[in-house]
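Colleague: predicted model and sequence below, questions to follow.
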Amino acid sequence: MSTDDQTFAAPPQEQVIARLRPHARVLFWPSVALIAICALGGWFSGTLPEAWMNQALPLVALGLVALLWLLPLLAWLGRHYTITTRRIIIRRGLLVRTRQELMHTRGYDLTVRKNGAQTLFRSGDVLINTGLERPIVLWDVPSADLVQSTLHDLMEENLNQVARMRQQEQSAQSRDGFGVR
């Protein structure tokens, strides 16, 4: 193959590095509330002084279960973070889905923020500053320090690939005479 017929290699296939959700620790208090509501509902079932109170008790218990357990569970299930070799994909919501993508080639600053409970469970918030008004936040991800170092490595690797591709394009253009003024 001559240098004139040289073609550029296709970029490598995108691979999933990690699929993350917020730490399951956020479901602890909703689960305690579920157990307490079921226990109190069973304890007071049939013992209230008025018949209408005994009939309303299951409805109140179901409402509390939906509010204190089901909504936090659905919020937790509706948040996904996918890290691939090319980008970060953030998905939120169950009924109304929001998908946000951030390419590693864009370059960004990373910060890990941890409170006491997050430090205890080795999780944290990863703040991704892209230069926009406010940072993108991966809320309460497990192994936040590992996520941060992985994102640094992926960003550096992608930026190096882009630099190599630009350098190859410039050298090809200068060989062909397009880059000469």
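Modeller: Thanks, I have the structure now.

Colleague: got the buried residues for stretch 74-90?
Modeller: Using 16 or more other Cβ atoms under 10 Å as the test for burial, stretch 74-90 gives 75-76, 78-79, 81-90. Backbone N, C-alpha and C define where each C-beta goes, glycine included.

Colleague: among these, which pair sits farthest apart?
Modeller: 75 and 85 (29.0 Å; Cβ to Cβ).

Colleague: next, residue 41: phi, psi?
Modeller: phi -60, psi -40 (degrees, to the nearest 10).

Colleague: hmm, I was thinking of residue 47
Modeller: Residue torsions, per degrees, to the nearest 10, at residue 47 are phi -110, psi 0.

Colleague: for it, which non-adjacent residue is closest in space?
Modeller: residue 54 (7.9 Å; Cβ to Cβ, 6 or more residues apart in numbering).

Colleague: you'd agree that neighbour is in a helix?
Modeller: Yes - assessed with DSSP: H, G, I helix; E, B strand; the rest coil, residue 54 lies in a helix.

Colleague: residue contacts, it?
Modeller: By Cβ atoms under 8 Å, 6 or more residues apart in numbering, the contact set of residue 54 is 45, 46, 47, 48.

Colleague: any idea of the pLDDT on it?
Modeller: Residue 54 is assigned 92 on the pLDDT scale.

Colleague: what's the answer for residue 181, then?
Modeller: 51.

Colleague: and what of residue 60?
Modeller: Taking residue 60 on its own, its pLDDT is 96.

Colleague: rewinding a little: would CSV of the contacts of residue 54 with distance to residue 166, secondary structure and neighbour count be doable?
Modeller: Output for the contacts of residue 54, formatted as CSV (distance: Cβ to Cβ, whole Å; DSSP: H, G, I helix; E, B strand; the rest coil; neighbours: other Cβ atoms under 10 Å):
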residue, distance to residue 166, secondary structure, neighbour count
45, 71, coil, 12
46, 76, coil, 8
47, 76, coil, 9
48, 75, coil, 13
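
Colleague: how close does the residue positioned nearest the centre of the chain sit to residue 137?
Modeller: Taking Cα atoms, centre = their mean, the centroid of the chain lies closest to residue 81, which sits 2.5 Å from it. Distance, residue 81 to residue 137, using Cβ to Cβ, to the nearest Å: 10 Å.

Colleague: perfect, that will be all.
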